[in-house]
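Student: Sequence first, predicted coordinates after that:
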Amino acid sequence: MDIAIIGASGKIGSALSLLLSKEPYIKHIKLIGRDNSINKLKGLKMDLYDSMAASGQDTDIQVFSDSEMSCVNGSDITVITSGISRNGEISRLDLAKENAKIVKKYVKDISKCCDTKLFMITNPVDVMTYKAYIESGYEKNQVFGLGTHLDSMRFKVAVAKYFKVHIDDVRTRIVGEHGDSMVPLMSATSIGGIPARRLPGYENFPYYETLERIRGYGKEIIDLKNGSEYGPASAILNIIRCISQDEKRLLTLSAYVEDEIEGISGGSCIGVPVKVGKNGIEEVIHMKMKQGEFELFRESFEIVKKYCKEIETI
Ligand SMILES: NC(=O)c1ccc[n+]([C@@H]2O[C@H](COP(=O)([O-])OP(=O)(O)OC[C@H]3O[C@@H](n4cnc5c(N)ncnc54)[C@H](O)[C@@H]3O)[C@@H](O)[C@H]2O)c1
């Protein structure tokens, strides 16, 4: 499998390139960045070859400038992490507008000459996934974003810690916006196959505190260590592995939703349960949420849809 990473000089792009270089089914990695990042990418490539020599891996790594987007040709998945980051001075909408311009340019250049899957990471990720979808003209299954997959992983850790069980025994998900209006689905949370609500201690689970913590998790890590990289990179790797092995797992990614979910009138990208396989998003799961959860999801959907409309014509 061949992967292109645009914005590879950044924290997530670099961490992802290391993780990918350890995966036996990955044959080529293209590190793509702006001209002023090329030296950093050349250094990253050298570092990765050292690391692969030490671990006995042999993946071909190439470096490209973002002025030659035809280099993406042949890549099964193109991960886009490029963008300005949010600081206190820029509003959420202005961030969306600035990053939408970057995403538009890249996606238009790519879709002119390549057929690939676009995997969006740049925030606000639901809005950027929408922008990539409308600008690329690709099929719905080919364009998706990390969405609430990472938030779901964070919720999984919180549930495991609370019930004092192995992380891998926990199944749960957060749907909606990768942002303030995200919705954890307690009704879809189970431990070892047993619905969490049937387990002792469930009624005291600190739902609101946990939700508040997860909403602010990214910022908390930025304050502590200038940004997260291993968590997002590992979450991205999950999805790439799932596609490469055609695993058909039900994960929560940002996907273009029209009328797949009852009660939603569509035209926006948002975190929903999807089946992930070799074709990318193979199906948006028609899931019946509990009424209270559904109302929150609908609100989240409307919030994201409004942002999507704001950047549509940028
Ligand atoms: N969806 C998620 O779950 C999730 C989680 C964490 C981070 N993110 C987002 O992922 C993105 C990347 O995060 P990071 O920590 O790697 O950021 P970073 O700042 O380390 O890297 C950003 C990359 O974008 C490039 N870039 C910056 N301005 C650019 C411009 N004007 N044009 C083209 N390229 C430009 C930089 O050169 C760099 O390669 C951010 O938008 C971040 O908010 C998403």
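Tutor: Thanks, I have the structure now. Numbers count the residues shown, from 1 in each chain.

Student: Could you use CA atoms for every contact and neighbour count after this?
Tutor: OK.

Student: and the residue nearest to Met1 when sequence neighbours are not counted, how many residues sit next to it?
Tutor: Leaving aside its chain neighbours, Met1 sits nearest to Ile26 (4.8 Å; criterion: C-alpha to C-alpha, 6 or more residues apart in numbering). By other C-alpha atoms under 10 Å, 19 other residues sit near Ile26.

Student: likewise Phe119?
Tutor: Phe119 has 26 neighbours, counted by other C-alpha under 10 Å.

Student: in a strand, that's where it is, yeah?
Tutor: Yes - assigned with DSSP: H, G, I helix; E, B strand; the rest coil, Phe119 falls within a strand.

Student: Can you tell me, leaving aside adjacent residues, what's nearest to it?
Tutor: Nearest residue to Phe119, sequence neighbours excluded (C-alpha to C-alpha, 6+ apart): Val79, at 4.7 Å.

Student: for Pro195, same thing?
Tutor: Thr189 (6.1 Å).

Student: Hmm, the one you found is touching Thr172, no?
Tutor: Yes - using C-alpha atoms under 8 Å as the test, Thr189 is close enough to Thr172 to be in contact (4.2 Å).

Student: More neighbours: the two, which one.
Tutor: More crowded of Thr189 and Thr172, by other C-alpha under 10 Å: Thr172, with 24 against 20.

Student: so that one makes contact with Ser152?
Tutor: Yes - between Thr172 and Ser152 there is a contact at 6.7 Å, judged by C-alpha under 8 Å.

Student: hmm, back to that, mind checking the SS state of the residue nearest to Met1?
Tutor: Once three-state DSSP is applied, Ile26 turns out coil.

Student: burial count for the residue of the stretch 151-300 of the chain found nearest the ligand?
Tutor: At 5.3 Å from the ligand, Pro232 is the closest residue in the stretch 151-300 of the chain, using C-alpha to the nearest ligand atom. When neighbours are defined as other C-alpha under 10 Å, Pro232 has 21 of them.

Student: Please name the residues that touch it.
Tutor: Listed by C-alpha atoms under 8 Å, 6 or more residues apart in numbering, the contact set of Pro232 reads 12, 150.

Student: and what of the one 10 residues further on?
Tutor: Shown in contact with Cys242 (C-alpha under 8 Å, 6+ apart): 248-249, 276-278.

Student: what do you get if the cut-off is 7 Å, keeping everything else the same?
Tutor: 249, 276-277 (C-alpha atoms under 7 Å, 6 or more residues apart in numbering).

Student: What of Val175?
Tutor: Going by C-alpha under 7 Å, 6+ apart, Val175 touches 148, 182-184, 252, 271-272.

Student: for the residues you listed, which one is nearest Gly193?
Tutor: Nearest to Gly193 among the contacts of Val175 is Pro184, at 17.8 Å by C-alpha to C-alpha.

Student: Now do the same contact list for the closest one.
Tutor: Pro184 touches 173-175, counting by C-alpha under 7 Å, 6+ apart.

Student: So the residue nearest to Phe119: helix, strand or coil?
Tutor: strand.

Student: which residue sits closest to Asp35 in space, ignoring its chain neighbours?
Tutor: Ser65 (5.8 Å).

Student: That's all I had, so thanks and see you.
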